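Undergrad: can't give you the sequence, but here's the structure:
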């Protein structure tokens, strides 16, 4: 039976992936002196959504050919790679956006509280497993008044390998003392879906405008349930919990 529900954070609980993409676009705008945010950065980020910031920044640098422009700034940012400069620029812009708790609340998915309620009704443990840094994740949970509703928070600092590696989900199961097969993962990105499937867990992929194309190109999606209409998410989660309970008997 399902004994734990494991939530991704960015894109699943809040629409922070959209804000991160915009922050990357603004960072490239500032770097290149463009009149408006660079839409190419948004599309490049869309290709690796759900990955760690290191992976995302490097991909954008490589895709847009920004290494030459970023290298002179490495000393200023005290980093050893051009991608880390872009990360620093993006993080500064994103942090300014997210500093206002109202911005976080305005970008939450409205089904979050309902999902946590279902977890309580089913006597499931809950965890957030995110590739965001712990302080960023805590800020989001506190802004949404969800910190007390989550039994465990695992962030980028807690694992060696980021998603799509299953390490963070396996660590969540181990920490909660729950078998992977008894865990239900809620993800929105291809990287997150791959991580949950590789961990041997039940995975529901919540397609968003930002991730739907990547999800449908992802082979592990064959082993996950896909929800295209967010209004159906609560019913799908509830039915999966009930179905898993029947097959466990």
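TA: Perfect, I can see it now. Remember, it's a predicted structure, so these values are computed and weren't measured experimentally. Numbering: from 1, shown residues only.

Undergrad: from here on, contacts and neighbour counts on C-alpha atoms
TA: Noted.

Undergrad: contacts for the helix or strand bottoming out on mean pLDDT in the chain?
TA: Ranked by mean pLDDT, DSSP states H and E, the weakest helix or strand in the chain is helix 212-216, scoring a mean of 73. Residues from elsewhere that reach helix 212-216 (Cα atoms under 8 Å, 6 or more residues apart in numbering): 46-47, 188-190, 205, 207, 221.

Undergrad: stretch 164-173 too?
TA: With contact meaning Cα under 8 Å, 6+ apart, stretch 164-173 is reached by 4, 6, 51, 127, 129, 152, 154, 158-162, 179-180, 183, 190-199.

Undergrad: let's see 7 Å
TA: 129, 159, 161, 179-180, 191-192, 194-196, 198-199 (Cα atoms under 7 Å, 6 or more residues apart in numbering).

Undergrad: again with stretch 87-94
TA: Residues contacting stretch 87-94 (Cα under 7 Å, 6+ apart): 20, 23-24, 27, 53, 57.

Undergrad: quick one: residues contacting residue 36.
TA: Residue 36 makes contacts with residue 29, as judged by Cα under 7 Å, 6+ apart.

Undergrad: so where does it fall, helix or strand?
TA: Secondary structure from DSSP states H and E places residue 36 outside every helix and strand.

Undergrad: the domain parsing of the chain - what is it?
TA: Using automatic domain parsing, the domain parsing of the chain gives 4-15+104-248, 17-99.

Undergrad: restricted to strands, list the contacts of stretch 87-94.
TA: Using DSSP state E, no member of those falls in strands.

Undergrad: neighbour-wise, give me the winner out of those.
TA: In terms of neighbour count, residue 24 stands highest of those at 29 neighbours, by other Cα atoms under 10 Å.

Undergrad: dump the residue contacts of that residue.
TA: Counting by Cα under 7 Å, 6+ apart, residue 24 has contacts 41-42, 90.

Undergrad: before we move on, back to that, can you pull the buried residues of the least confident helix or strand of the chain?
TA: 212, 214-215 (16 or more other Cα atoms under 10 Å).

Undergrad: residue 66: which of those residues is nearest?
TA: Ranked by distance to residue 66 (Cα to Cα), these are led by residue 214 at 23.8 Å.

Undergrad: sorry, back to before: which of the contacts of stretch 164-173 has the weakest pLDDT?
TA: Looking at these, model confidence by pLDDT dips furthest at residue 191: 88.

Undergrad: and residue 201, how many neighbours does it have?
TA: Neighbourhood size, residue 201 [other Cα under 10 Å]: 25.
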